[in-house]
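Participant: A structural model of the following input is requested.
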Amino acid sequence: MKVLFFERIWLQGQGGGPNCARAYINALAEIADEITLVYPTKSGKEIEGISNKVSNLIPIPYELSKASKVIRLLKGKLNPFYNLPQYLFEPNSFDIVFFSSSYASQGLIKRFHKIGVKVITLHHNFELKYAKDNMSPLKFFFTLYPLYKCEKKSLKYSDLNLFLTSYDQISLCNFYGKIGKVSNSLIFEYKEYPKKNIIHKTSNKTTFIITGDLSFVQSNKSIIPWINLYYPVLKEICPNSTLIIAGRNPSFSLIEKCKKLEIKLIPSPKDMDEVLKKGDIYICPTNLGSGIKLRIMDGLKWGMPVLTHKVSARGYEELERRNILKVYDTIESFKSKLKSLLDEPINKSEILSTYDSLFSFQSGIKRLSETLLKNNIIS
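Facilitator: Numbers count the residues shown, from 1 in each chain. Sure, this is the predicted structure:
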């Protein structure tokens, strides 16, 4: 089986998008006989974290001036792929074409569909909603129609549409109408990790952790209101506690807010594990966007139970059933779920075992392979 994989985002650094893309690239590299990866590149954005089992790499230079970016925006161009080698489009060159997001399929999906290649699209989220929550109003205005067309075509012409959450699957089906084959596919790690050396508590002080890309619009718009509304409740219930917020490029307003309330803020930590291993309970306050919030995995892989807003609970329903993850959407539900986590602590080893069974790289390979077999993509 030969796979051609299109990834439109930078495969450099850590983050939800790159790590999700790496997981599927590396898992397919284990399943397929041969995989070719097409991806954008520019100085300072070198590819990282990709399995050495990826057979062929096709980097697409993508260094644009501000003027060029504006022109592309006005023309509705969403993906970076141009001047692709002609052999990619020849019949029988590949058995499967995998698009990592509908963005990546723009201008390409019908070409592959016509020559009879099986097409899979991984929908990281509901792209229109994600764009609305994270783009400026002007950029969203120019992106809206081409993104709508792109997402609709990807749903129509894909032999299999994969979703990271059932919420996104239902939302897209309701919005765009009847589509082809669909399947939920949990996120998973992009490589095997050694087991974490869990630190057992020696004090009664509880440490809460919030992580993520703090420069991200949906992060900033979620965390500051959470501090205003929910942090006083947390301190009321758990006065002898510490809150640590860690992540890349926090905004000035977040820095000032944390300084004022004596919240420990760690901007762009060199080693996030050094932060996470201190935590007792992980909090995800993000209440915007769609898709799955991979930052929750930060807490789980260090054996922390999770307290999260219902928007960020999507895709983690099994952990909610097992009481490892608690969901809130009001101050009252936040109080109730926080108290239950404090009064009924969960053994960290149990959380790690559950995490490994659901989100490890090997479990992802197995689940993806079973999904492809079940939907007659492979035999």
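Participant: from now on I want contacts and neighbour counts done on CA atoms only, so please keep to that.
Facilitator: Fine.
Participant: was I right about P285 contacting P225?
Facilitator: No: when contacts are counted by C-alpha atoms under 8 Å, P285 is not listed as touching P225 (9.1 Å).
Participant: can you give me the mean pLDDT across the top helix by length along the chain?
Facilitator: Identified as the longest helix of the chain according to DSSP state H is helix 137-157. Across helix 137-157, the average pLDDT comes to 92.
Participant: moving C-terminal from that helix, which element do we reach first?
Facilitator: strand 160-163 (DSSP states H and E).
Participant: now that next one, how far from the chain's geometric center?
Facilitator: 15 Å (C-alpha atoms, centre = their mean, to the nearest Å).
Participant: show me what counts as buried in stretch 248-267.
Facilitator: Neighbour counts over stretch 248-267 (16 or more other C-alpha atoms under 10 Å) mark R248, N249, P250, L254, I255, K257, C258, I263, L265, I266, P267 as buried.
Participant: ok, the third one touching P267?
Facilitator: Yes: taking C-alpha under 8 Å as the contact criterion, P250 and P267 are neighbours in contact, 6.3 Å apart.
Participant: phi and psi next, for A246.
Facilitator: Dihedral pair for A246: phi -140, psi 140, per degrees, to the nearest 10.
Participant: burial check on it, number of neighbours?
Facilitator: 22 (other C-alpha atoms under 10 Å).
Participant: and what of Y148?
Facilitator: Neighbours of Y148 (other C-alpha under 10 Å): 14.
Participant: name the nearest residue to G289, sequence neighbours excluded.
Facilitator: Nearest non-adjacent residue to G289, counting by C-alpha to C-alpha, 6 or more residues apart in numbering: Y130, 4.8 Å away.
Participant: check K335 too.
Facilitator: V233 (7.1 Å).
Participant: doesn't that neighbour belong to a helix?
Facilitator: Yes: the assignment for V233 is a helix, going by DSSP: H, G, I helix; E, B strand; the rest coil.
Participant: can you read off the pLDDT for it?
Facilitator: 97.
Participant: re earlier: if you count surrounding residues, which of P285 and P225 has more?
Facilitator: Between P285 and P225, counted using other C-alpha under 10 Å, the more crowded position is P285 (25 against 13).
Participant: which residues does the more buried one contact?
Facilitator: The contact partners of P285, taken as C-alpha atoms under 8 Å, 6 or more residues apart in numbering, are S222, I223, W226, T308, H309, S312.
Participant: could you say which helix or strand contains V97?
Facilitator: Assigned by DSSP H and E, V97 falls in strand 96-100.
Participant: contact partners of that strand?
Facilitator: 1-8, 21, 105, 112, 117-124, 377.
Participant: which of the residues you listed fall within strands?
Facilitator: K2, V3, L4, F5, F6, E7, K118, V119, I120, T121, L122, H123 (DSSP state E).
Participant: how about those in a markdown table, adding neighbour count?
Facilitator: Shown next, in a markdown table, are the ones in strands among the contacts of strand 96-100 (neighbours: other C-alpha atoms under 10 Å):
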| residue | neighbour count |
| --- | --- |
| K2 | 19 |
| V3 | 26 |
| L4 | 20 |
| F5 | 24 |
| F6 | 26 |
| E7 | 24 |
| K118 | 21 |
| V119 | 24 |
| I120 | 27 |
| T121 | 28 |
| L122 | 24 |
| H123 | 26 |
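Participant: out of the residues you listed, flag the one nearest to S65.
Facilitator: E7 (21.4 Å; C-alpha to C-alpha).
Participant: OK, contacts around the closest one?
Facilitator: A21, L37, V38, Y39, P40, F99, S100, S101, A104.
Participant: using TSV, lay out these together with pLDDT and neighbour count.
Facilitator: Formatted as TSV, the contacts of E7 follow (pLDDT from 0 to 100; neighbours: other C-alpha atoms under 10 Å):
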residue	pLDDT	neighbour count
A21	95	25
L37	97	19
V38	96	19
Y39	95	22
P40	93	22
F99	97	26
S100	95	24
S101	93	27
A104	93	26
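Participant: how deep is G279 tucked in, by neighbour count?
Facilitator: Neighbours of G279 (other C-alpha under 10 Å): 23.
Participant: residues in contact with stretch 128-147?
Facilitator: By C-alpha under 8 Å, 6+ apart, stretch 128-147 touches 73-74, 76-78, 103, 127, 148, 216-218, 288-290.
Participant: how about these, which pair is most distant?
Facilitator: The farthest-apart pair in those, when distances are taken by C-alpha to C-alpha, is L74 and L288, at 26.4 Å.
Participant: helices and strands of this protein: which one has the lowest mean pLDDT?
Facilitator: The helix or strand of the chain with the poorest confidence is strand 182-184; it has a mean of 83 (mean pLDDT, DSSP states H and E).
Participant: next, the buried residues of it.
Facilitator: Quick answer for strand 182-184 (16+ other C-alpha under 10 Å): V182, S183, N184.
Participant: what packs against it?
Facilitator: Here strand 182-184 touches strand 160-163, helix 166-176, going by 3 or more C-alpha pairs under 8 Å, 6 or more residues apart in numbering; DSSP states H and E.
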